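Participant: Sharing a model prediction with you, sequence too.
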Amino acid sequence: MLEVEDLHASANGREILKGVDLAVKAGEVHAIMGPNGSGKSTLAHVIAGRPGYEVTRGRVLYKGQDLLAMTPEARAREGVFLAFQYPVEIPGVSNVYFLKAALNAIRKHRGQSELDAMDFLSLVKEKAKLVDIDESLVKRPVNEGFSGGEKKRNEIFQMAILDPQLAVLDETDSGLDIDALRIVAGGVNQLRTPERAIVLVTHYQRLLDYIVPDVVHVLLDGRIVKSGDKELARELEARGYEWLEAPAAP
Amino acid sequence: MSSDSITAQDIAQREYRAGFVTDIESESVPAGLSEDVIRLISAKKGEPEWLLEWRLKAYRHWLTMKEPTWANVHHPPIDYQSIVYYSAPKQKKDGPKSLAEVDPKLLETYEKLGVPLHERAKLAGVAVDAVFDSVSVATTFREKLEEVGVIFCSFSEAVQKHPELVRKWLGSVVPYTDNFFATLNSAVFTDGSFCYVPKGVRCPMELSTYFRINAANTGQFERTLIIAEEGAYVSYLEGCTAPIRDENQLHAAVVELIALDHGQIKYSTVQNWYPGDKEGRGGIYNFVTKRGKCLGRASKISWTQVETGSAITWKYPSCILQGDDSVGEFYSVALANNYQQADTGTKMIHIGKNTRSTIISKGISAGHGQNTYRGLVRIGKAADDSRNYSQCDSLLLGDLCGAHTFPYIEVLNSTAQMEHEASTSKIGEDQLFYFQQRGIAPEDAVSMIVNGFCKEVFKELPMEFAVEAQKLLGVSLEGSVG
């Protein structure tokens, strides 16, 4: 599904990713862990195509296509979803209207007919339950006045509606209390299907108690220095990142 | 954005869809302004002596005036002697008596603009007065309106057929001495719409005037007068377009509204004069005086405007709230893209007791556009328990545009309640990326954000035009992202 090869990327002339290799197959959940500034969010942003990053070397293939050559909206329509760490507020545009436009853009790209208002609303009702999101939030302007937890829930809600093939969750656990974390994780687990690949970018092992990953990677100073199974996450929790900090030259 | 000059031109052409010229023989007076030109215009229209005298008084007064400089707009000096003050499509006879006699080229022009003049066409529920350069070429649904006593015709015709009404109300809201551009208009106005709704009548359909400037180097100076008698109601809409030309053209209109006891006038504008090209060449100078007087008790005047066109917009649709319990409203969306400049707002003059006014202004700036809200709320000494609510929001697209707000408030009565809210926001790259990440193209994202921003104003527009206005705004913003 996703193949990242020797990816180098910089922002404002400073190199942040220094040769990332990563391969994620359909049905897998990968966790990317690492301390602040290690390049986790940059990796998520480069995959989604956020402006402001320059890829200097390497490539990213998604379903065999050159992802980096595509516009951000084309990537989204092809099934790439990013759950933002800091979702922006969009005053004046209701969540429902926004999501309907997004879903129909994606459906159109897939050659499907656009959903009408009735079908869309029943889809909203169904998916709102998944993350236990209040329907009044669905009608409000996108993220406007939402609490931190509501914003994160809204991201997962959007993911459920848009039904992506590759979902990258950027620090979706940050700022959540334990109950909200449980709800968000429950939502993600329900979206775990054999067709879908999920990449969890996270700081803490905590989230991985609820969403158990198939593979855990440690990102340090722009490179993946260690990969393992879920036990690696526990080891990191116990020992921190220091013991990995001076990777031996390959 | 990179493009050579030819494609840039193409884009500008594509974006302004009303930019074509109608090839029609016209009859014009020579360029320039003098008493002779005014006499000539008046004679062409076969006007009564009192109206010519009124025009000449205005002209003589105008000669003593100076062009105002207080607005936040910049343009090279206007040469008033190079403007053609009267231009009309040539007609075989005195003028068309019915739609069947109107030149097919004119009908085609309005058809192309999306304003078919056939009464059974798309705008079946709307009566249209079509003003082409200096004259009205057609007014639809007149018989149907006459059945209920509503007079809706061109201004020139009103002068001929209802001189007593015109004489009574002309200049009663905007006197000929009012301001430089209104005074100029009073001297040279050529046509416009006239509407009179008698006592107790609710006008059964939307009325509208579609203004079109076609001829080159010609100014359009129209005058609109609407009177709602006791308990009458009318909703009126005007639309405006002009061809793409490299020279600036002047449009200096005057609109006067009068509402008597319990009378209501809802006046909506969708202004899409040619805005000039991407480099700021050409476009209409739109210097307009619009004012309504709530003369009667519990009368109401409501202005809604969507201003997307013109190189320069200078207009302040205002309400004089003279009758006790009268209500004034102003809802505005003004867009300044490329090198457009808009200085617009309103004046709410509270004179009567318990008068109320609402101002909702939404300014959108993009490209190098400069958008200014300028408004005055004045609560007079006798205006006990009056209230005003003002909200002025600005939305910026990009780093080169500007938004300015000048709210003036004068309160002479301590029982007044005033509220003023203002906000400025910018469509950020992070917002656009959020849309893109969900599969929505940036152009669509901008139009969704802008439409959301303007929602409160659009809902005030008559249904038939709200959709048009939304589309227009989308077109006007094309190419402002990227």
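Facilitator: Received it, and whenever you're ready, just let me know what you need.
Participant: Only C-alpha atoms from now on, for both contacts and neighbour counts.
Facilitator: Noted.
Participant: host element of A:Val184?
Facilitator: helix A:178-190 (DSSP states H and E).
Participant: Could you point out the helix or strand that follows that helix?
Facilitator: strand A:197-202.
Participant: by how many degrees do the helix holding A:Val184 and strand A:197-202 diverge?
Facilitator: Here helix A:178-190 runs at an angle of 160 degrees relative to strand A:197-202 (axes from the mean of the first three to the mean of the last three Cα atoms, to 10 degrees).
Participant: got the CA positions of helix A:178-190 in PDB?
Facilitator: Provided in PDB are the C-alpha atoms of helix A:178-190 (Å, rounded to 0.1, in the frame of the first residue of the first chain):
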ATOM      1  CA  ILE A 178      -8.500   8.800  29.200                       C
ATOM      2  CA  ASP A 179     -12.200   8.500  28.400                       C
ATOM      3  CA  ALA A 180     -11.900  10.400  25.100                       C
ATOM      4  CA  LEU A 181      -8.800   8.300  24.300                       C
ATOM      5  CA  ARG A 182     -10.800   5.200  24.800                       C
ATOM      6  CA  ILE A 183     -13.600   6.400  22.500                       C
ATOM      7  CA  VAL A 184     -11.200   7.600  19.800                       C
ATOM      8  CA  ALA A 185      -9.300   4.300  19.900                       C
ATOM      9  CA  GLY A 186     -12.500   2.400  19.800                       C
ATOM     10  CA  GLY A 187     -13.500   4.300  16.700                       C
ATOM     11  CA  VAL A 188     -10.100   3.600  15.100                       C
ATOM     12  CA  ASN A 189     -10.300  -0.100  16.000                       C
ATOM     13  CA  GLN A 190     -13.700  -0.400  14.300                       C
END
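Participant: what sits up against it?
Facilitator: Residues outside helix A:178-190 that contact it (Cα atoms under 8 Å, 6 or more residues apart in numbering or on different chains) are A:Leu130, A:Val131, A:Asp132, A:Gly149, A:Lys152, A:Arg153, A:Ile156, A:Asp173, A:Leu207, A:Tyr210, A:Ile211.
Participant: Flag every buried residue along that helix.
Facilitator: By 16 or more other Cα atoms under 10 Å in any protein chain shown, the buried positions in helix A:178-190 come out as A:Ala180, A:Leu181, A:Arg182, A:Ile183, A:Val184, A:Ala185, A:Gly186, A:Gly187, A:Val188.
Participant: Give the burial count for B:Pro68, as a bare number.
Facilitator: Using other Cα atoms under 10 Å in any protein chain shown, B:Pro68 has 9 other residues around it.
Participant: That one against B:Ile78, yeah?
Facilitator: No. Judged on Cα atoms under 8 Å, B:Pro68 makes no contact with B:Ile78 at a distance of 12.0 Å.
Participant: Give the full set of residues in contact with the residue nearest in space to the middle of chain B.
Facilitator: Centroid-nearest residue in chain B: B:Thr269, 5.2 Å away (criterion: Cα atoms, centre = their mean). When contacts are counted by Cα under 8 Å, 6+ apart, B:Thr269 touches B:Leu237, B:Glu238, B:Gly239, B:Thr304, B:Gln305, B:Val306, B:Glu307.
Participant: Turn those into JSON lines, including distance to A:Glu3 and secondary structure.
Facilitator: Output for the contacts of B:Thr269, formatted as JSON lines (distance: Cα to Cα, whole Å; DSSP: H, G, I helix; E, B strand; the rest coil):
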{"residue": "B:Leu237", "distance to A:Glu3": "58", "secondary structure": "strand"}
{"residue": "B:Glu238", "distance to A:Glu3": "58", "secondary structure": "strand"}
{"residue": "B:Gly239", "distance to A:Glu3": "56", "secondary structure": "strand"}
{"residue": "B:Thr304", "distance to A:Glu3": "55", "secondary structure": "strand"}
{"residue": "B:Gln305", "distance to A:Glu3": "53", "secondary structure": "strand"}
{"residue": "B:Val306", "distance to A:Glu3": "50", "secondary structure": "strand"}
{"residue": "B:Glu307", "distance to A:Glu3": "50", "secondary structure": "strand"}
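Participant: Go through those residues and name the one nearest chain A.
Facilitator: B:Val306 (17.8 Å; Cα to the nearest Cα).
Participant: what's near enough to touch the closest one?
Facilitator: B:Thr269, B:Val270, B:Gln271, B:Ser332, B:Val333, B:Ala334, B:Ala469.
Participant: Look up the pLDDT of it for me, please.
Facilitator: On the pLDDT scale, B:Val306 is placed at 89.
Participant: bridging residues for the closest residue to B:Tyr408 other than its chain neighbours?
Facilitator: Nearest residue to B:Tyr408, sequence neighbours excluded (Cα to Cα, 6 or more residues apart in numbering or on different chains): B:Leu376, at 4.6 Å. Beta-bridge partners for B:Leu376, by DSSP bridges, are B:Lys347, B:Tyr408.
Participant: Just list the residues touching B:Leu376, thanks.
Facilitator: B:Thr346, B:Lys347, B:Met348, B:Ile349, B:Pro407, B:Tyr408, B:Ile409, B:Glu410 are the contacts of B:Leu376 under Cα under 8 Å, 6+ apart.
Participant: Would you write out the ChimeraX command that picks the buried residues out of these?
Facilitator: Applying 16+ other Cα under 10 Å to the contacts of B:Leu376, the buried members can be selected in ChimeraX as follows:
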select /B:346,347,348,349,407
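Participant: got the contacts of B:Leu376 as TSV, with pLDDT columns?
Facilitator: Putting the contacts of B:Leu376 into TSV (pLDDT from 0 to 100) gives the following:
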residue	pLDDT
B:Thr346	96
B:Lys347	96
B:Met348	97
B:Ile349	97
B:Pro407	92
B:Tyr408	94
B:Ile409	95
B:Glu410	96
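Participant: Mind putting the contacts of B:Leu376 into TSV with distance to B:Ile41?
Facilitator: Shown next, in TSV, are those (distance: Cα to Cα, whole Å):
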residue	distance to B:Ile41
B:Thr346	32
B:Lys347	32
B:Met348	35
B:Ile349	35
B:Pro407	40
B:Tyr408	39
B:Ile409	41
B:Glu410	41
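Participant: Closest one to B:Trp169 out of the contacts of B:Leu376, please.
Facilitator: Set against B:Trp169, the nearest of the contacts of B:Leu376 by Cα to Cα is B:Ile349 (19.5 Å).
Participant: does that closest one sit in a helix, a strand or a coil?
Facilitator: Following DSSP: H, G, I helix; E, B strand; the rest coil, we place B:Ile349 in the strand state.
Participant: tell me which parts of chain A are close to chain B?
Facilitator: Within chain A, the positions adjacent to chain B are A:48, A:50-51, A:72-77, A:81-82, A:87-93, A:101-103, A:105-106 by Cα under 8 Å from any Cα of the partner chain.
Participant: where does residue 158 fall, helix, sheet strand or coil?
Facilitator: I'll assume chain A. Assigned state for A:Gln158: helix (three-state reduction, three-state DSSP).
Participant: Relative to A:Val131, how far out is it?
Facilitator: Applying Cα to Cα, to the nearest Å, the value for A:Gln158 to A:Val131 is 10 Å.
Participant: Need the contacts of helix A:178-190 in a markdown table (columns: distance to B:Ile449, neighbour count and pLDDT).
Facilitator: Listed next are the contacts of helix A:178-190 as a markdown table, based on distance: Cα to Cα, whole Å; neighbours: other Cα atoms under 10 Å in any protein chain shown; pLDDT from 0 to 100:
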| residue | distance to B:Ile449 | neighbour count | pLDDT |
| --- | --- | --- | --- |
| A:Leu130 | 28 | 19 | 84 |
| A:Val131 | 26 | 24 | 83 |
| A:Asp132 | 27 | 16 | 84 |
| A:Gly149 | 24 | 19 | 88 |
| A:Lys152 | 22 | 29 | 92 |
| A:Arg153 | 22 | 27 | 91 |
| A:Ile156 | 22 | 27 | 94 |
| A:Asp173 | 29 | 25 | 87 |
| A:Leu207 | 34 | 23 | 90 |
| A:Tyr210 | 37 | 16 | 92 |
| A:Ile211 | 35 | 19 | 93 |
